[in-house]
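[1] no sequence for this one, just the structure:
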């Protein structure tokens, strides 16, 4: 069972796996504990921002690699085999998403064209 620490306003400020002075034992299913664990703490927000930034940087690096290969600055075969596999896998995944996005956009445009005042004529 977890232990919690509360602030002066009786709000949960920490969850512990072991008892410490001032900690209160609560059920794992305690409603207030569940709410606390779902809250966006500053640490969780910072970790989320860092993760999103990492994803953005990965995309920048992929694009940089593509540009350098296109310009002949480096060859795809200069990368280790595992790196080549990972780059190709991501390219295929991104191409699949672009294909789906283009299909949806195309269908959406077709629907827009069909929704004009002359669509029943």
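    The structure has been received and is ready for your questions. Nothing here was measured: the structure is a model prediction, and the numbers come from that model.
[2] what separation do you get for the most centrally placed residue in the chain and residue 46?
    In the chain, the residue lying closest to the centroid (Cα atoms, centre = their mean) is residue 52, at 6.0 Å. As judged by Cβ to Cβ, to the nearest Å, residue 52 and residue 46 stand 11 Å apart. For glycine as for every other residue, the C-beta is placed from the backbone atoms N, C-alpha and C.
[3] and residue 8, its phi and psi?
    Dihedral pair for residue 8: phi -60, psi -20, per degrees, to the nearest 10.
[4] what sits against it?
    Going by Cβ atoms under 8 Å, 6 or more residues apart in numbering, residue 8 touches no other residue.
[5] tell me the secondary structure for the residue nearest to the centre of the chain?
    At residue 52, secondary structure determined by DSSP: H, G, I helix; E, B strand; the rest coil is helix.
[6] from residue 84, how far off is it?
    27 Å.
[7] can you check residue 28 too?
    Counting by Cβ to Cβ, the gap from residue 28 to residue 84 is 46 Å.
[8] what of residue 14?
    46 Å.
[9] for residue 71, same thing?
    18 Å.
[10] neighbour-wise, which of these two wins?
    The neighbour count for residue 71 versus residue 84, taken as other Cβ atoms under 10 Å, is higher for residue 84 (13 against 8).
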